[in-house]
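Chemist: This is a predicted model, with the sequence first.
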Amino acid sequence: MDLLGTQACDHRVGNPVVAYTLYTCPRCLGKGYYGSLGFDVHGKVLLVSKGSQIEQAIYKVLTESKRASGYGFDYSVLTGTIDASTVSAIKSEIARCLQYLITAQTAAQALGTLYDPAEQISSINSISVVQDNVEPRKVTAAITVLTVANTTVSTVIPIQR
């Protein structure tokens, strides 16, 4: 389990409180959420678990630049015009990133890390990459993975330069 590092924004900021719209909010900058720790009614820090934890791990690996260790997305595949071959390269890079997560979880488990079966990726079910017809620079990836607990987790992530 990881800490829940995002909070939904109500767009009410300041003292005295000023109400903003989604697109004018200085806290979330139009995203609808912002980075912050959250607490439940008992004062305990909110945690991410099960499918949400996997979604968060996939989001993290696909939105961070590739490191020397192999973690992260190689943004060099997004150079130039986005056409069918670029979409295919993006799909291959997403598969590499997901395989990196699977390998990292397996290696951590061999070193003694215990995973909830619903938080461990077993295999990749599908990867679909779609280019927006209206805005051709926008690419969206729909990913479905299977967990060790035999549940499917699906997420949609925008791939941006």
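Modeler: Cool, got the structure. Residues are numbered from 1 along each chain as shown.

Chemist: Which segments of this protein make up each domain?
Modeler: Using automatic domain parsing, the domain parsing of the chain gives 2-35, 51-159.

Chemist: Direction included, what does the longest strand along the chain pair up with?
Modeler: Using DSSP state E to define each element, the chain has its longest strand at strand 121-131. Strand 121-131 has the following strand partners under DSSP bridges: strand 139-147 (antiparallel).

Chemist: what residues does the strand it pairs with touch?
Modeler: With Cβ atoms under 8 Å, 6 or more residues apart in numbering as the test, strand 139-147 has contacts from 51, 54, 58, 62, 78, 82, 87, 90-91, 94, 98, 117-132, 152-160. In short, each C-beta sits where N, CA and C put it, glycine included.

Chemist: Please apply the same query to stretch 72-90.
Modeler: With Cβ under 8 Å, 6+ apart, stretch 72-90 has contacts from 61-66, 93-94, 96-97, 129, 131, 136-137, 139, 141, 159, 161.

Chemist: cutoff 7 Å now
Modeler: 61-62, 64-66, 93, 97, 129, 131, 136-137, 139, 159, 161 (Cβ atoms under 7 Å, 6 or more residues apart in numbering).

Chemist: burial count for E119?
Modeler: Neighbour count of E119, defined by other Cβ atoms under 10 Å: 21.
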